[in-house]
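S.K.: Test case, fold it:
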Amino acid sequence: MPASANVQTAEGKGAIDVAIKWIDYAAPSKDEIVTDESGSYVERKYFFFDGLAIRYPQADGFTARIYLDGFNAAADIVPDGMSNEYDVFDKFTFATTATVTVDGTTYHKVPLHWLDTSMPTAEEIKNGSFTRKAYVLGNYVAGNDITFDYTVTINNDFTLDGISGSYKEGFATDLTADNFYKGLLKSTTLRVNGKEIPVTLAWSNDYTAQSGYNGEMTLTITSMDGDKVALSSNVVANVTVATTGIEGLANGQSYRLDPYAKASTLFANGSVQKVKVAGSEVLQDVRVEYNFDNEEFYANISKYFGKKYKVAVTYRYNAGAHEQTETGEIEVYVVDRTIMYMSDYENRSIVVDTFLHKDASYLANVMRITTVNGDTFDAFFDWSDVDKLIKSGTSNTAYMATAVIGSSAVMVVIPVLDSINSSNPYKRLPPPVRTIPRSAISAASSGGVFSSTL
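M.R.: Numbers count the residues shown, from 1 in each chain. A predicted model of the protein is given here:
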């Protein structure tokens, strides 16, 4: 269409060259064609523009009547492999080619161009159909470009597992005290026309155990096509949520924390635990967190041995749009795991003789230790520092070996009796140093550190 015009004012003042800006320049469709005595035409709006700031008219625009010559009004276009019916939330693909028949001649695999490939909106789903505009180029069909509208009927009669009602009847869900901490569904199966489609659900509103909820929520339903969204759309659901609260953990409020993980009953921080719920006999799952066995705790573990502590816990649960929390308290007894001595007396000191050994590979890797309450544990000993000691020729009679017990690392002082710096290589070695239990300085039930001076 023209981009400029030579115009004359209504008062008859001279010709002026101005630019034309078309408000609507879409190719014609057969549904908008009008016929008069001069032929078939469509209308398009435009305005004049001086290229800087002046637009005339300032609002709306003039209407041009554009007569069509040889328009393929009788063309029949069928998108290849594309259905004109759609089961809502199922996968849907827009065709890329079409079979086109013009004046009795059929053209196959004609490239098809869509002006809009968006999935149906909530309003279109409600109305039961959606229409998208497409076109084929005239050079493929021995004629002019053909623009057409393609309408798809939507089957919108669907249900959601675990939620009452249907799209046409309306949806409703009810959280009682017996299922409160399961929360509103986050995923389910959508059923439509015999198909089962996995969908995720997102709710618009929050609630708490204390407040409950009674009213409408917007529910966003999303289906996927591989790693891409197939369709995401909203419906309205009536939601009723009971008021309730957590009365305590099903396994009680008292627990043991064993740094060596032999006699622990304390659950892992952040794990899902059964809880008792007010107004219900049904035990429910809730994620429970506490801030007790942290870095500071393990760095100073010995001061906790044999004592009981009140520990705050946080219960986390799904509550509509966001997660909510409740708080409580448990009692934790820390088992006393002070190391008393090496269980086998012959391991309570070692002799390093560089005339016999050039590294620490001869030292036992697994030995037994005994804690204050008489329990014994297999410990794996890391002699890497002793290996360095031997190779460096340095004497150290207060070496602390690293022992790993289960998942806990333990520092144990084992006297090192050496002949490294002796001027007489045959000098008689002193007797082993007697081991005396003193104190534990660090430990952990999972990766923490204990130590004991012997």
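S.K.: mind listing the helices for the stretch 301-450 of the chain?
M.R.: With helices called from DSSP state H, counting those that start in this stretch, the stretch 301-450 of the chain shows them at 384-392.
S.K.: what bits of it have low per-residue confidence?
M.R.: Scanning the stretch 301-450 of the chain for pLDDT under 70 picks out 393-450.
S.K.: ok, now with 50
M.R.: 407, 419-450 (pLDDT under 50).
S.K.: before we move on, what about the stretch 1-150 of the chain?
M.R.: In the stretch 1-150 of the chain, no residues with pLDDT under 50.
S.K.: Let's see that with 90 instead.
M.R.: Along the stretch 1-150 of the chain, segments meeting pLDDT under 90 span 1-41, 46-62, 67-76, 101-105, 137-149.
S.K.: what do you get for the stretch 151-300 of the chain?
M.R.: Across the stretch 151-300 of the chain (using pLDDT under 90), the flagged ranges come out as 258-264, 291-300.
S.K.: From Thr354, how far out is Thr176?
M.R.: Applying CB to CB, to the nearest Å, the value for Thr176 to Thr354 is 76 Å. Any C-beta I mention is one placed from the backbone N, CA and C, and that applies to glycine too.
S.K.: Same drill for those two, tell me which one is more crowded.
M.R.: Thr354 (16 against 13; other CB atoms under 10 Å).
S.K.: surely the more buried one meets Ser392?
M.R.: No. Between Thr354 and Ser392 there is no contact under CB atoms under 8 Å: 10.1 Å.
S.K.: Now do the same contact list for Gln324.
M.R.: By CB atoms under 8 Å, 6 or more residues apart in numbering, Gln324 lies in contact with 206-209, 316-317.
S.K.: the helices in the stretch 1-150 of the chain, which residues?
M.R.: 122-127.
S.K.: quick one, strands of it?
M.R.: With DSSP state E, counting those that start in this stretch as the criterion, the stretch 1-150 of the chain has strands at 4-7, 16-22, 34-36, 39-49, 55-56, 62-67, 76-79, 85-87, 97-102, 105-111, 113-114, 129-136, 146-155.
S.K.: who does the last one touch, helix- and strand-wise?
M.R.: Using 3 or more CB pairs under 8 Å, 6 or more residues apart in numbering; DSSP states H and E as the contact criterion, the neighbours of strand 146-155 among helices and strands are strand 76-79, strand 85-87, helix 122-127, strand 129-136.
S.K.: excluding its backbone neighbours, what's nearest Arg65?
M.R.: Distances taken as CB to CB, 6 or more residues apart in numbering put Tyr41 closest to Arg65, at 5.0 Å, once the chain neighbours are dropped.
S.K.: can you count the residues close to that neighbour?
M.R.: Using other CB under 10 Å, Tyr41 has 18 other residues around it.
S.K.: What's the separation between it and Val141?
M.R.: From Tyr41 to Val141 the distance is 22 Å (CB to CB).
S.K.: Equivalent analysis for Asn84, please.
M.R.: From Asn84 to Val141 the distance is 21 Å (CB to CB).
S.K.: neighbour count winner among the two?
M.R.: Val141 (22 against 11).
S.K.: Could you double-check that that one lies in contact with Val102?
M.R.: Yes. Using CB under 8 Å, Val141 is in contact with Val102, at 5.3 Å.
S.K.: For Lys274, which non-adjacent residue is spatially closest?
M.R.: In this structure, Lys274 finds its nearest non-sequential neighbour in Ala250, 3.8 Å apart by CB to CB, 6+ apart.
S.K.: what sits against the one you found?
M.R.: 273-276, 283.
S.K.: And those, which is closest to Tyr290?
M.R.: Tyr290 lies nearest to Gln273 out of these, by CB to CB, at 10.9 Å.
S.K.: Fine, thanks again, bye for now.
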